[in-house]
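Peer 1: just need the structure, nothing else, for what follows:
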Amino acid sequence: MSQVIDCAYTVEGDGPPLFLIHGIGAARDTWRFVLPTLAQHFTCISYDLRGHGASPKPDGEFGLDDLVNDLEHLRARLGIEQAHFAGHSLGGMIGPAYARAHPERVLSLGLLSTAAFRTEDDSAKVWGVVKAMEEKGIPQVLGTLIDRWYTDGFVELHRDIVDRRLEQVVGTDPEIFLNVFRIYAGTEMAPWLHEVTARSLVLTGEFDGGCNPRLNTQIVKAMPDAELVILPKFKHSILLEAGEEVAAHMVRFLEN
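Peer 2: Residues are numbered from 1 along each chain as shown. Down below sits the predicted model:
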């Protein structure tokens, strides 16, 4: 078990607390298109995972439990008793793992563009990306990620947003990036998701290759109290490409 990290964070908005957990090689700014709407209804706490953004780097390898412990440490630092939690991609694994460890703290969960119930083929594909990055280098494999993350139309119209995201990935320490990618590839929530009783919104893009509707349908079936939303036409990067739609679904779900 590695040391707990004091993660950099931002608090904005007013209302019940909502922790926002980003994914691999991102930072809290990945929520910037979702926040204008969410902050009208919630006190939003977005933070940088260890080794990402402005958060300190840990010493050595770390696992999912360490990311959960960082989040619990942040909650305790802020003195928040209970909150809503929503995560994208790897963040959508950290949230449920946190809820399993600290069920009394969780009012609801958002699992956005995440994966569970991967088949052998699904797992082989995601580990293939990790292996390619280890062998060729992260920048050399980024082209394939653009295609996995964004629709063609978005790349054409918003190249600045796509480039900023790629710069963020390349700017992340390669060891940290590969560490979190291995956590994402190696985490399988299927054995324990049924234990997570918090009311949950499970949301993904219709054409998200690695976190597709097939897997998300199984996530919802496994959870005692979950709702499934599929966003038509989108791929993996729904926070940057469909921020307002994601925010609208979150507000509807959380205030229902």
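
Peer 1: quick check on residue 173: phi, psi?
Peer 2: The phi/psi pair for residue 173 (degrees, to the nearest 10) reads phi -50, psi 130.

Peer 1: pull the number of nearby residues for it.
Peer 2: Each residue near residue 173 was counted by other CB atoms under 10 Å, and the total is 12. The C-beta positions use only the backbone N, C-alpha and C, and glycine is treated the same way.

Peer 1: isn't it up against residue 51?
Peer 2: Yes - the criterion here is CB atoms under 8 Å, and residue 173 meets it with residue 51 at 5.9 Å.

Peer 1: is it true that residue 117 touches residue 219?
Peer 2: Yes - assessed by CB under 8 Å, residue 117 is found in contact with residue 219 at 6.8 Å.

Peer 1: more neighbours: the two, which one.
Peer 2: More neighbours surround residue 219 than the other of residue 117 and residue 219, with 24 against 17 (other CB under 10 Å).

Peer 1: so the more buried one, which state does it fall into?
Peer 2: What DSSP: H, G, I helix; E, B strand; the rest coil gives for residue 219 is helix.

Peer 1: where's it relative to residue 138, distance?
Peer 2: For residue 219, the distance to residue 138 equals 28 Å [CB to CB, to the nearest Å].

Peer 1: rewinding a little: what sits in contact with each of residue 173 and residue 51?
Peer 2: Residues touching both residue 173 and residue 51 (CB atoms under 8 Å, 6 or more residues apart in numbering): residue 57.

Peer 1: and the helices in the stretch 51-200 of the chain?
Peer 2: 64-78, 91-101, 120-136, 138-149, 152-157, 159-171, 174-186 (DSSP state H, counting those that start in this stretch).

Peer 1: just flag whichever of the ones you listed has the lowest average confidence.
Peer 2: Note on the helices of the stretch 51-200 of the chain: lowest mean pLDDT is at helix 138-149, with a mean of 92.

Peer 1: what's the angle between it and helix 174-186?
Peer 2: Interaxial angle, helix 138-149 versus helix 174-186 (axes from the mean of the first three to the mean of the last three CA atoms, to 10 degrees): 40 degrees.
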